[in-house]
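Colleague: for reference, the sequence and a predicted model appear below.
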Amino acid sequence: MKCPYCGYGKTKVIDSRAAEEHTAIRRRRHCANCGSRFTTFERRERAGVAVLKRDGTREPYDREKLSVGFYKACSKREVPEPVIEKSVDRIEEEIMKRPEREITASELGDMVMDELRQIDEIAYLRFASVYKRFDDVSEFQRELGELIPEQGDTGEGPAPGGVDERSGK
């Protein structure tokens with residue numbers, strides 16, 4: 001493993017442990033040249049899954065692209081990084097468990113929307129507006145209308161634009 005600071009090719013592992021709910025190995029390393037310490041993560045190879053895009057092209061599944069989508073949707077929201085990473089892990093695990101070695105971009109997008117709906121409604125709407133390619137405000141309002149009934153038709157949730165007196169939100 002090359003040192004990310006000086007590029008020297010010999011580093012020593014000083015600690016290894018399971019990480020990310022035993023789906024990765026976290027290794028602390030020490031560079032023999034510059035003395036820097038850094039952390040690496042090892043995950044099993046996720047090769048072999050292709051994403052079938054809307055235009056008919058295929059590209060290899062890329063965890064980084066999935067993660068970037070989550071982080072963009074959740075930007076400037078109070079969503080902790082571990083929550084986002086666990087969501088990405090859940091989706092990735094579901095993809096890897098499938099017997100098919102191909103997933104459509106729309107299936108993947110729906111998985112992301114399901115996760116975001118549970119995490120943060122604003123992040124969900126941000127993602128939905130791009131993913132569903134909203135052309136105007138009416139499409140945004142329609143999606144928002146689908147979210148509002150989820151707060152409970154029991155009258156216990158806040159009115160649209162109102163504040164829930166129990167939580168102050």
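Modeller: Now that the structure is in, tell me what you want to look at. Numbering: from 1, shown residues only.
Colleague: contacts only, for residue 18.
Modeller: Residue 18 makes contact with 24-26 under the criterion Cβ atoms under 8 Å, 6 or more residues apart in numbering. Bear in mind the C-beta positions are built from the backbone N, C-alpha and C, glycine included.
Colleague: that one looks like it's in a helix, true?
Modeller: No. Per DSSP: H, G, I helix; E, B strand; the rest coil, residue 18 lies outside any helix segment and is strand.
Colleague: rebuild the contacts of residue 18 as JSON lines, extending it with distance to residue 104, neighbour count and pLDDT.
Modeller: Converted to JSON lines, those look like this (distance: Cβ to Cβ, whole Å; neighbours: other Cβ atoms under 10 Å; pLDDT from 0 to 100):
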{"residue": "24", "distance to residue 104": "27", "neighbour count": "16", "pLDDT": "82"}
{"residue": "25", "distance to residue 104": "31", "neighbour count": "15", "pLDDT": "90"}
{"residue": "26", "distance to residue 104": "33", "neighbour count": "14", "pLDDT": "91"}
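Colleague: where along the protein do the helices fall?
Modeller: 63-73, 81-97, 105-119, 121-131, 137-147 (DSSP state H).
Colleague: out of these, nearest to residue 56?
Modeller: Residue 56 sits nearest to helix 105-119 of all the helices of the chain, at 10.6 Å, using Cβ to Cβ.
Colleague: list the buried residues in that closest one.
Modeller: Buried residues in helix 105-119, counted by 16 or more other Cβ atoms under 10 Å: 107-109, 111-113, 115-117, 119.
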